[in-house]
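Undergrad: Structure, please.
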Amino acid sequence: MCRSIHTLHNFEPAATDEEVHAAALQYVRKIAGTTKPSKANQEAFDRAVHEIEHITQHLLNDLVAAVPPKNREVEAEKARARAVRSGRYGVPAA
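TA: Got it, this is the predicted structure:
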């Protein structure tokens with residue numbers, strides 16, 4: 001369930017609001033043990049996502065990197081190549 005949470009720090013371009021929200025949502029889903037909360041829990045679920053999203057953005061703003069930022073496209077290509085080599089995925093269509 002948390003496989004879609006990716007490192008967001010020290011990338012160029014910086015993480016978008018949507019990426020921070022997606023990470024917060026995945027975290028809350030994992031902790032809550034559900035991808036779709038009941039109506040009774042929806043407000044608490046949404047509040048937790050909002051608060052975690054907010055504090056995550058603060059964390060990203062406050063972190064200091066000792067190395068230059070990584071290029072998102074280069075790192076994504078490396079990840080795709082690792083996935084293909086591992087046998088998890090076939091060769092992508094050209």
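
Undergrad: mind checking the SS state of the closest residue to Tyr89 other than its chain neighbours?
TA: The shortest distance from Tyr89 to any non-neighbouring residue, by C-beta to C-beta, 6 or more residues apart in numbering, is to Ala83 (4.7 Å). Quick note: C-beta positions are derived from backbone N, CA and C, even for glycine. Under DSSP: H, G, I helix; E, B strand; the rest coil, the three-state class of Ala83 is helix.

Undergrad: Go ahead and confirm Ala83 touches Glu77.
TA: No - if you go by C-beta atoms under 8 Å, Ala83 and Glu77 don't touch, sitting 10.8 Å apart.

Undergrad: hmm, back to that, tally of neighbours for the residue nearest to Tyr89?
TA: Neighbour count for Ala83, taken as other C-beta atoms under 10 Å: 13.

Undergrad: got it, and Phe11?
TA: 17.

Undergrad: Help me confirm that it comes into contact with Val74.
TA: No - using C-beta under 8 Å, Phe11 is not in contact with Val74, being 10.1 Å away.

Undergrad: Name the nearest residue to Ile52, sequence neighbours excluded.
TA: Spatially, and ignoring its direct neighbours in sequence, Ile52 is nearest to Ala24 (4.1 Å; C-beta to C-beta, 6+ apart).
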